[in-house]
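Trainee: what shape does this take:
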Amino acid sequence: MNYTSFIVKIVGKPEQSFFHDGTSVTEMLVKFPPIRNIKTTDIFQITIWGTLAYDVIKYYKINDYIIIEGYISLRESISNNFSFPNDKQVEISVFKIYPFLLSSNIKK
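Mentor: Down below sits the predicted model:
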């Protein structure tokens, strides 16, 4: 029962990779929007699979706000910070994405 939905801001460039069977996976870093001008660093990774992974690469970029739905999981931290050896990192496997506030680079 860890299915959830969030509004997040994309802070890392979406990176796409493929498995041997051709399955596409896109990973990117996102963060929660700030609340009441509090500076937070709640940055976490999301993973998008299959055909939705292609759409993310095609339509979304850094500084876009999106609504995501998916499953939360904890994994070992990938940082090299040895002061917290048992540090866990939040990851969300995304199954649905909706645009919320997209930055536009349209030139007039």
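
Trainee: and the pLDDT at the closest residue to Leu74 other than its chain neighbours?
Mentor: Nearest in space to Leu74, with sequence neighbours left out and distances taken as Cβ to Cβ, 6 or more residues apart in numbering, is Lys88 at 4.4 Å. Placement of C-beta: from N, CA and C, glycine included. Per-residue confidence at Lys88 stands at 72 (pLDDT).

Trainee: Leu74 too?
Mentor: According to the model's per-residue confidence, Leu74 sits at a pLDDT of 81.

Trainee: now do the buried residues in the helix or strand hosting it.
Mentor: When secondary structure is defined by DSSP states H and E, Leu74 falls within strand 65-76. When burial is assessed from 16 or more other Cβ atoms under 10 Å, strand 65-76 yields the following buried residues: 65-66, 68, 70.

Trainee: and the furthest pair within the residues you listed?
Mentor: The most widely separated members of the buried residues of strand 65-76 are Tyr65 and Gly70, with 16.2 Å between them, by Cβ to Cβ.

Trainee: beta partners for Pro99?
Mentor: Following DSSP bridges, Pro99 is listed with bridge partners Ile66.

Trainee: test my guess that it contacts Ile66.
Mentor: Yes: the pair Pro99 / Ile66 is scored as a contact, 6.1 Å apart, by Cβ atoms under 8 Å.

Trainee: common neighbours of these two, please.
Mentor: Listed as contacting both Pro99 and Ile66 by Cβ atoms under 8 Å, 6 or more residues apart in numbering are Tyr60.

Trainee: grab the nearest non-local neighbour of the residue sitting nearest the centre point of the chain.
Mentor: Central residue of the chain (Cα atoms, centre = their mean): Ile46, 3.3 Å from the mean position. On the basis of Cβ to Cβ, 6+ apart, the spatially nearest residue to Ile46 that is not a chain neighbour turns out to be Ile92, at 4.7 Å.
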